[in-house]
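Trainee: model the structure of this input:
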Amino acid sequence: MDSKTIAKFNARTFILYRTLFRARFYYPVFTLLFLDFGLSLSQFAILNSVWALTIVLFEIPLGSLADTIGRRKIVIISAVMLNLELLVWLFAPINGGDTLFIFFLVNRILSGICEAASSGADEALVYDSLKSANLQNKWAGILEKTQRYTSLYFIFVLFIGAVIYDPNSVQSIIHFFGHQLIISQADCIKLPIFLNQIAAIFVLINAFKFKENWKKPNKSHSPFSDSLKNVFKSIDWIKRSKIVLILILIIMFSESLILQFLTLMQQYWKVINIPIFYYGIIGSGLALFASAIPSLGKFCYKNLKFKTNFLLCYISLFIAFIIISKSIPYYGIIPVILLYCSYQLIIYLNGCYIHDACEELNRATILSVQNMLSFSKYGLVSIFYSLIVSCLSNRLLESSMDQVFEITLFAFPTYFAISTLFIFFLANLYFKRNTK
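Mentor: Reported below is the predicted structural model:
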């Protein structure tokens with residue numbers, strides 16, 4: 001294959017790989033799934049912190065290895081880890097006490113390695129193949145298609161995931177085919193995971209399909225040593241790149257808080273009186289709204305300035321968090337739409353700007369540094385949130401879990417406002433010191 005054929009093939013493979021990788025059948029019931037297995041809300045927060053910590057520990061080493069031994073190998077490792085994490089989950093015992101927690105702990109560690117391996121290597125592989133074919137100007141369009149198709153696939157995945165998790169829906173389907181089985185919640189818990197296991201096999205197949213025409217550095221007897229050197233070189237490069245440093249700060253402080261809320265979103269639906277049957281429908285609706293964001297992102301990227309784009313995103317996020325904290329019954333869905341769409345826009349813009357700024361030799365490492373810092377922050381936010389939950393639970397002994405969760409929502413706009421001001425102060429201070 002010539003470089004243009006490889007670039008186009010990789011682009012098509014990337015769209016399918018990323019779509020199947022990102023859209024998970026258990027997402028509409030993610031929080032409930034942990035709790036229905038027999039874990040507490042505090043254990044759920046701890047496990048999310050472990051997941052984030054694992055990503056932090058493996059993100060940069062795997063990203064740097066992708067720049068040293070090849071991106072395709074790391075993408076394949078990610079797909080293997082995805083299959084393993086789901087297998088562990090499938091065999092986890094429901095209400096298994098300490099054994100259950102160990103299964104989930106292994107699952108979160110494998111999931112963290114999976115995310116760390118995939119986060120920078122897949123994009124770097126595709127962008128570099130485009131660049132070698134002089135087609136890097138097509139990247140914004142590929143990113144647009146990837147996000148749109150992922151969002152459209154989410155519509156199907158979230159709806160099906162919620163339906164098969166609801167015992168009443170499953171029982172109605174079984175009765176329609178003439179069977180009279182009685183279905184309980186325990187019978188449905190693992191169905192979304194099983195469907196995801198099937199999708200994960202196709203993720204692995206697509207990972208092997210990638211073609212790599214990336215120029216590997218000179219052969220070395222110690223790729224791990226070269227990888228470590230590349231990390232320090234990349235960090236030094238980041239310090240001198242104003243736009244990359246700002247992008248890292250933006251993602252680090254905004255994504256961590258957004259992910260914390262999205263992780264707890266099913267509990268939020270419960271608080272604003274949304275029946276479980278509608279979780280998948282709402283998730284599909286969010287995905288439908290998100291499918292229009294890449295086109296908006298492409299317009300903003302081409303026509304608006306960097307500062308204007310992210311200012312609009314941050315204003316939208318702040319408004320969304322304020323309204324979410326009010327936990328308005330039923331209409332509380334509207335600010336979540338604004339939050340989710342703003343987040344998708346930030347991800348798209350970041351993907352465009354950071355690839356424009358990065359160099360080929362350190363692309364995967366820099367993407368890994370960004371993800372590592374973002375998930376470090378997410379881990380800290382998860383710990384902070386679990387402490388708030390524990391303190392409120394101890395003080396409000398008569399309150400239910402739903403009431404405690406509703407009170408904690410005030411922390412989101414407060415933290416977002418403080419962290420945004422901190423970013424502004426930190427960035428100004430750093431760039432003033434480095435321009436003297």
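Trainee: lowest-pLDDT helix or strand in this structure?
Mentor: Ranked by mean pLDDT, DSSP states H and E, the weakest helix or strand in the chain is helix 223-240, scoring a mean of 69.
Trainee: beyond that one, next helix or strand please.
Mentor: helix 242-263 (DSSP states H and E).
Trainee: list the buried ones in that next one?
Mentor: 244-263 (16 or more other CB atoms under 10 Å). Glycine gets a C-beta too; all of them are placed from N, C-alpha and C.
Trainee: cool, stretch 260-279 as well?
Mentor: Under the neighbour-count criterion of 16+ other CB under 10 Å, stretch 260-279 has 260-272, 274, 276, 279 buried.
Trainee: neighbouring contacts of that stretch?
Mentor: 28-32, 48, 158, 162-163, 165-166, 168-169, 282, 321, 324, 327-330, 332-333, 336, 339-340, 343, 378, 381-382, 385, 401-402, 405-406, 409, 412 (CB atoms under 8 Å, 6 or more residues apart in numbering).
Trainee: out of these, which are buried?
Mentor: Buried subset of the contacts of stretch 260-279 (neighbour count, 16+ other CB under 10 Å): 28-32, 48, 158, 162-163, 165-166, 169, 282, 321, 324, 327, 332-333, 336, 339-340, 343, 378, 381-382, 385, 405-406, 409, 412.
Trainee: among those, which lie within helices?
Mentor: 30-32, 48, 158, 162-163, 165, 169, 282, 321, 324, 333, 336, 339-340, 343, 378, 381-382, 385, 405-406, 412 (DSSP state H).
Trainee: tell me the one of the buried residues of stretch 260-279 nearest residue 86?
Mentor: Closest to residue 86 out of those is residue 263 (18.1 Å), distances taken as CB to CB.
Trainee: that closest one and residue 379, how far apart?
Mentor: Distance, residue 263 to residue 379, using CB to CB, to the nearest Å: 12 Å.
Trainee: list residues touching both of those two?
Mentor: With CB under 8 Å, 6+ apart as the test, residue 263 and residue 379 both reach residue 48.
Trainee: residue ranges with poor pLDDT in this structure?
Mentor: Applying pLDDT under 70 to the chain flags the ranges 1, 181, 184-185, 214-231, 277, 359-362, 364, 397-401, 427, 430-436.
Trainee: does the residue of the chain positioned farthest from its centre count as helix, strand or coil?
Mentor: Here the centre of the chain is the reference, and by CA atoms, centre = their mean the most remote residue is residue 178, at 40.6 Å. At residue 178 the chain is in coil, as set by DSSP: H, G, I helix; E, B strand; the rest coil.
Trainee: please, which helix or strand holds residue 370?
Mentor: helix 363-395.
Trainee: show me what counts as buried in that helix.
Mentor: 363-379, 381-383, 385-386, 388-389.
Trainee: how about stretch 135-148?
Mentor: 135-136, 139-140, 142-148.
Trainee: just give me the closest of those residues to residue 393.
Mentor: residue 147 (38.2 Å).
Trainee: name the SS class of the closest one, please.
Mentor: Under three-state DSSP, residue 147 falls in the helix class.
Trainee: so what's it closest to, chain neighbours aside?
Mentor: Excluding its sequence neighbours, the residue lying closest to residue 147 (CB to CB, 6 or more residues apart in numbering) is residue 294, at 4.3 Å.
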